[in-house]
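S.K.: Mind looking at a prediction? Sequence and model below.
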Amino acid sequence: MKKPWSGRFRQKTAKVVERFTESVSFDHRLWRYDIKGSIAHARMLARKGIISRSDEEKIVKGLKEIAQEIEEGRFQWRQELEDVHMNIESALIERIGPTGGKLHTARSRNDQIALDLRLYLREEIKNIINLIKKLQRQLLNISEKHLETIMPGYTHLQRAQPVTLGHHMLAYVEMFQRDRERLSDSIKRVNTLPLGACAIAGTTLPIDRAYLAKLLGFDSISENSMDAVSDRDFILEFLSTSAIIMMHLSRLAEELILWTTVEFSFVELPDAFTTGSSIMPQKKNPDVLELIRGKTGRVYGALVSLLTTMKALPLTYNRDMQEDKEPLFDTVDTLKECLEILIQMLPKVKFNTERMIKTAPEGFSLATDLAEYLVKKGMPFRESHETVGKIVRYAMDKGVNLDSLSLDELQRFSSKIEEDVYGYIELRRAVSARISRGGTSPAEIKRQIKRWKKLL
Ligand code: ARG
């Protein structure tokens, strides 16, 4: 097959070079956007009288037929034609003759690939935003069901203060909300038209970029042709946001993994979402969650890979930039898969609420409440902290929890302690009393759930 750029060459391209430089094996998945962009380009060329109306119709018809062929799996992708752009253009010329050769007027593969990537990413970002929203809804459902389920809260993975499972799950809803916002905000930087930049410097032909932007649904037009063909920051921004999303997913996965251990026993995973061991018959492993945690690595890798590729590239287009696609595609696929499987799995996760409540007061997790009780009785916090520390030490030595100490024993540490102290170190009352905004009390969580229900 003759290459569209073969004019100035005397030798045939080496086979090994064709294999090394091709991108069609992975960029063919951009075909839909490539054809959409080409149809808009043909329409614009005709509108400006650069090609005739009948040429426009021939080109558009040919492109639509090619789209049909690709859709049905009948299209033959050729490695010697390098990439998705040259494959489609060559097929067009083969189909409609020399008229097909007019499509690439006032266009280069440099602005064409930037266009395809922007169209692709714009759509995928919207898909991912929707998936995150679905995940948030699942987390919200759990929160609503477990508004009053008390469990241990941790810092340093040591028992800290009791919280509710509802509170814990809403923490993730907040994180994913910021992820969604980051994605939504990035759309305006993705959704800017590069087409018309041509190879680097624009064109002498009277093109109409505003018309192209309108046809293709772009909100803005790149104002510098050199920038338009040479930056990939819109992909890097997406990869950075994706890395943060994966970090959040990985933390959620890790917590569920921990909670399924016999040591925690807070959670039971659905059989359908776990796997067994080839040797140990008793095993039920959280592989799905482990893979979500593990795949975080490849998304971070994608970000670092493209950052490194782009670093120190002289303006404008360099072939290095062809290396942007695989990390991008892999990230989109990975993210969507992880989100989809979690959305299906979460509603089937069983929480062992009895065990959570039972363990919540262990480890002197109400010590802070006791210290705040003393503050309410007029003691400076630093002093109450010290006093309660001593009480904890005493109870530890005795091998009992705070509420098992008699009033007499407690008063040995401070005369400010009175009979009402037991109300403050009772689990449910202590949790309900944390009514500060954003705190863990069911009343506050109820308010937050109401807010989220409106938002989601
Ligand atoms: N396949 C190329 C890429 O992915 C398209 C742009 C090629 N431009 C060029 N001047 N060789 O980056």
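M.R.: Here it is on my side, so go on.
S.K.: ok, the nearest residue to residue 405 once chain neighbours are set aside - contacts?
M.R.: Leaving out its chain neighbours, the residue that sits closest to residue 405 by C-beta to C-beta, 6 or more residues apart in numbering is residue 395, at 6.0 Å. (C-beta placed from N, C-alpha, C; glycine too.) When contacts are counted by C-beta atoms under 8 Å, 6 or more residues apart in numbering, residue 395 is found next to 364, 401, 402, 404, 405.
S.K.: what ranges do the strands span in the stretch 101-250 of the chain?
M.R.: Shown for the stretch 101-250 of the chain, the strands assigned by DSSP state E, counting those that start in this stretch span residues 150-155, 158-164, 192-193, 220-221.
S.K.: buried ones in the second one?
M.R.: Right, the one you point to is strand 158-164. Buried residues in strand 158-164, counted by 16 or more other C-beta atoms under 10 Å: 159, 161, 162, 163, 164.
S.K.: and the closest residue in space to the first one that isn't next to it in sequence, backbone torsions?
M.R.: Closest residue to residue 159 in three dimensions, ignoring its sequence neighbours and counting by C-beta to C-beta, 6+ apart: residue 363, at 3.3 Å. Its backbone dihedrals place residue 363 at phi 70, psi 30, with angles given as degrees, to the nearest 10.
S.K.: Likewise for residue 285?
M.R.: In terms of degrees, to the nearest 10, the main-chain angles of residue 285 are phi -100, psi 140.
S.K.: Begin at 39, not 1, for the rest of this chat.
M.R.: In the new count, where the first residue is 39, that last one comes out as residue 323.
S.K.: State the three-state secondary structure for residue 453.
M.R.: Three-state assignment for residue 453 (DSSP: H, G, I helix; E, B strand; the rest coil): coil.
S.K.: tell me the contacts of the residue nearest to residue 197?
M.R.: Under the criterion of C-beta under 8 Å, 6+ apart, the neighbours of residue 401 are 190, 196, 197.
S.K.: Surely residue 253 touches residue 82?
M.R.: Yes. Applying C-beta atoms under 8 Å, one finds residue 253 in contact with residue 82, separated by 7.1 Å.
S.K.: neighbour-wise, which of the two wins?
M.R.: residue 82 (26 against 19; other C-beta atoms under 10 Å).
S.K.: The more buried one is in what secondary structure piece?
M.R.: helix 69-85 (DSSP states H and E).
S.K.: buried stuff in the top helix by length along the chain?
M.R.: If you go by DSSP state H, the chain has its longest helix at helix 147-183. By neighbour count with 16+ other C-beta under 10 Å, helix 147-183 contains the buried residues 147-160, 162-163, 166-167, 169-178, 180-182.
S.K.: so what's whatever residue of the stretch 189-338 of the chain ends up closest to the ligand up against?
M.R.: The nearest approach of the stretch 189-338 of the chain to the ligand comes at residue 237, 7.2 Å away (C-beta to the nearest ligand atom). By C-beta under 8 Å, 6+ apart, the residues touching residue 237 are 146, 148, 149, 267, 355.
S.K.: Stretch 166-183: how far from the chain's middle?
M.R.: Computed by C-alpha atoms, centre = their mean, to the nearest Å, the chain-centroid distance of stretch 166-183 equals 14 Å.
S.K.: Contacts for that stretch next, please.
M.R.: Counting by C-beta under 8 Å, 6+ apart, 203-205, 207-208, 210-211, 214-215, 217-218, 221-222, 283, 370, 373-374, 377-378, 380-381, 384-385, 387, 389, 483, 487, 490-491, 494 sit against stretch 166-183.
S.K.: circling back to that earlier point, can you list the buried residues in the helix or strand just after the helix holding residue 82?
M.R.: Counting by DSSP H and E, the next helix or strand C-terminal to helix 69-85 is helix 91-109. Within helix 91-109, the residues that count as buried by 16+ other C-beta under 10 Å are 93, 94, 96, 97, 98, 100, 101, 104, 105, 108.
S.K.: which secondary structure elements does helix 91-109 contact?
M.R.: Judged by 3 or more C-beta pairs under 8 Å, 6 or more residues apart in numbering; DSSP states H and E, the packing partners of helix 91-109 are helix 69-85, helix 122-134.
S.K.: got a list of what residue 327 touches?
M.R.: Counted by C-beta under 8 Å, 6+ apart, residue 327 has contacts 291, 292, 294, 295, 307.
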